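In: The sequence and its predicted three-dimensional model are supplied below.
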Amino acid sequence: MGVFSALTTAVSGMQAQSYALENISGNIANSRTAGFKRVDTSFADLVPDTALNRQISGSVAAYSQATNSIQGDLSATRIDTNVAINGEGFFVVDQRQSGLGANTQFANNNLYTRRGDFDFDADGYLVNGAGYYLKGQRIDQVTGQLIGTQPEVLRITKEQIPARATTSIEYRANIPAYPSTNSASPTVPNSELLNPASFTAGDPTTGGATNTVMGEDITTFLGQSIPGGSVTVYNALGQASSVELRWAKIDSVANGGVDTWNLFAAENTAAGTGVVAYRNVGTDITFDSTGQLTSAATIALPNLTVNGNLISGISLTTGGNGVTQNGDVSGQIDARSIRQDGYAAGTLERVAISDDGRVVGTFSNGQVVALAQISIAQFNASNAMKRLDGGAFAETIESGAPIFGLGVSQLIGGNVEQSNTDIADEFSKMIVTQQAYSANTKVITTAQEMLRDVFSIIR
């Protein structure tokens, strides 16, 4: 039976090498397919049960060997919604079944892929080149928290982000110990201080009766105060108003008291007689001998009506050490930072993907807001997943259940992972496969000749 066994063994060898060649062919064909994972071929010997001293090498069987865990090269595309996984993991995707737009029906099955050439379709869905829809979790734009616990197909529409009223102004500045006001003179004691007696409409300091600067006293006030910067704030409708701040020193150590300042916010810098021009915030702001703030770090601004817009509920925060009183030869305020937290309504202009997998939207009002979190799944045995068309995979019992989370991997926006096929390596495998196939055919030819010799004996 040796000759006949040789024939069947050679046939199994030809079948195994044909299977290997089929995989090599597919790998080469998909060498330019984004996210493609090549399939290698492994061989296993099939040994019949024989006596110890009669064992033979046996036949061969071919099996596929997945390379899902081997990453391909990353290629920059400059498309903001393209994304590649640097490390382990798969994008969670779904397939469309029917419908259009907001009525699109999906299979509601989690599939997985490394193909990250996602782009928006006409309905705002992120779809890759193979037609799979990206899944993730939406983010509440107000709280920044994830909505829901399970991945869902992401849809990003051109909706507006609502206006947000300013509630806080972060103020960082150094106030000169000796303000260089128009009235200040080094030869005149206390000339740098605001003089309530020079105001015809009433004392504007915190201890005064009006706590405001009226239109008839604008020139006097400007001569006894220094500018503290301006900031654009927003009301609940998103209407913008510019608020100018001015500082006036009302007491000093040299005057026998404590270094004390009053802060004023402009309401109408063009006010006439009997109209409020500036409002005092109503809080004494004091400093110790080292120039550190000793009064409250948060200052509530008064309600203002600027250009017909009511501005209310705003606090100025200094962070404790954000405002200091140190020597300054210029005698002017060095406003290092004035930032506020309000903004007007805006429309979505651009979408990009961050390193931690967040879909980030840039709006026309300058706000950058996280809109969704891309879901990334990892598997304990990713090479045991079932292959599907379009570079997608499905979980199996062998692969285990998905573990959601980016882990130590990183997402690279504007990039796509290429095929992990190495053309040179595949050609080398093809040559070896061809030689092995030819050798098996030679075995069959030899066995045929041996059988012919046997038949010749009979004749």
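Out: Looks like it arrived, so ask away. Numbers count the residues shown, from 1 in each chain.
In: Quick check on L134: phi, psi?
Out: Backbone torsions for L134, taken as degrees, to the nearest 10, come to phi -70, psi 140.
In: Excluding chain neighbours, what is closest to it?
Out: L126 (4.1 Å; Cβ to Cβ, 6 or more residues apart in numbering). All C-beta atoms are positioned from the backbone trio N, CA, C, and that covers glycine.
In: residue contacts, the one you found?
Out: Contact analysis of L126 by Cβ atoms under 8 Å, 6 or more residues apart in numbering lists T81, F118, D119, F120, Y133, L134, L154, I156, V359.
In: isn't the second one right up against T81?
Out: Looking back up the chat, that one is F118. Yes. In this structure, F118 sits in contact with T81. The criterion is Cβ atoms under 8 Å, and the distance is 5.1 Å.
In: what about the two, which has more around it?
Out: For F118 against T81, the residue with the higher neighbour count under other Cβ atoms under 10 Å is F118, and the figures read 25 against 22.
In: ok so L222 is a helix residue?
Out: Yes. When classified by DSSP: H, G, I helix; E, B strand; the rest coil, L222 is found to be part of a helix.
In: what about it, distance to A381?
Out: In this structure, L222 and A381 are 76 Å apart, going by Cβ to Cβ, to the nearest Å.
In: between those two, who's got more neighbours?
Out: For L222 and A381, the more surrounded residue by other Cβ under 10 Å is L222, and the numbers stand at 18 against 15.
In: What does the pLDDT read for the more buried one?
Out: On pLDDT, L222 comes in at 96.
In: before we move on, what about A184?
Out: Reading off the per-residue confidence, A184 sits at a pLDDT of 92.
In: which one is it nearest to, not counting chain neighbours?
Out: The spatial neighbour of A184 that comes closest, neighbours along the chain excluded (Cβ to Cβ, 6+ apart), is E192 at 4.0 Å.
In: What is the neighbour count of that neighbour?
Out: Count around E192 with other Cβ under 10 Å applied: 24.
In: surely it meets A177?
Out: No. With contact defined as Cβ under 8 Å, E192 does not reach A177; the gap is 9.4 Å.
In: Please, where are all the strands along the stretch 301-450 of the chain?
Out: Under the criterion DSSP state E, counting those that start in this stretch, the stretch 301-450 of the chain contains strands at 304-306, 309-311, 315-317, 323-326, 334-340, 346-353, 358-363, 368-374, 376-378, 386-388, 392-394, 403-404, 410-413, 415-417.
In: I'd like the ones you listed as a markdown table, with mean pLDDT appended.
Out: Formatted as a markdown table, those follow (pLDDT from 0 to 100):
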| stretch | mean pLDDT |
| --- | --- |
| strand 304-306 | 89 |
| strand 309-311 | 88 |
| strand 315-317 | 93 |
| strand 323-326 | 90 |
| strand 334-340 | 91 |
| strand 346-353 | 90 |
| strand 358-363 | 92 |
| strand 368-374 | 92 |
| strand 376-378 | 95 |
| strand 386-388 | 95 |
| strand 392-394 | 96 |
| strand 403-404 | 94 |
| strand 410-413 | 93 |
| strand 415-417 | 96 |
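In: Please identify the deepest-packed of those.
Out: Per-residue neighbour counts averaged over each of the strands of the stretch 301-450 of the chain give the maximum for strand 415-417, namely a mean of 24 (mean count of other Cβ atoms under 10 Å).
In: Work out the gap between that strand and the centre of the chain.
Out: Between the centre of strand 415-417 and the centre of its host chain there is 16 Å, according to Cα atoms, centre = their mean, to the nearest Å.
In: that older thread, make sure I have this right: the residue nearest to L134 is in a strand.
Out: Yes. The assignment for L126 is a strand, going by three-state DSSP.
In: now for the helix or strand where T9 lies, which elements pack on it?
Out: Here T9 is covered by helix 2-29, with elements defined by DSSP states H and E. With contacts taken as 3 or more Cβ pairs under 8 Å, 6 or more residues apart in numbering; DSSP states H and E, helix 2-29 sits against strand 39-46, strand 59-66, helix 423-458.
In: State the mean pLDDT of it.
Out: Mean pLDDT, taken over the full extent of helix 2-29, equals 90.
In: ok so, going back, quickly compare the helices and strands packed on helix 2-29 and say which is most buried.
Out: Of all the helices and strands packed on helix 2-29, strand 59-66 has the most neighbours on average by mean count of other Cβ under 10 Å, namely a mean of 16.
In: Provide the contact partners of it at residue level.
Out: Contacts of strand 59-66 with the rest of the structure, by Cβ under 8 Å, 6+ apart, involve 8-9, 12-13, 15-17, 19-20, 23, 37, 39-46, 382-385, 387.
In: Run a quick neighbour tally on the nearest residue to F379 once chain neighbours are set aside.
Out: Leaving aside its sequence neighbours, F379 sits nearest to S399 (Cβ to Cβ, 6+ apart; 4.9 Å). For S399, the number of neighbouring residues by other Cβ under 10 Å comes to 20.
In: Now do the residue nearest to L134, the pLDDT please.
Out: Among the per-residue scores, L126 holds a pLDDT of 95.
In: ok, now N420?
Out: At N420 the predicted local confidence, pLDDT, stands at 95.
In: One more: T290?
Out: For T290, the pLDDT comes out at 90.
In: N321 versus that one, what's the distance?
Out: If you measure T290 against N321 using Cβ to Cβ, the figure is 11 Å.
In: Then S75?
Out: Applying Cβ to Cβ, the value for S75 to N321 is 48 Å.
In: who's more crowded, the two?
Out: Neighbour tally, S75 and N321, criterion other Cβ under 10 Å: the higher count belongs to S75, 13 against 10.
In: dump the residue contacts of the more buried one.
Out: With contacts defined as Cβ under 8 Å, 6+ apart, the neighbours of S75 are N415, V416, E417, Q418.
In: What's opposite it in the beta bridge?
Out: With beta bridges defined as DSSP bridges, S75 has these partners: V416.
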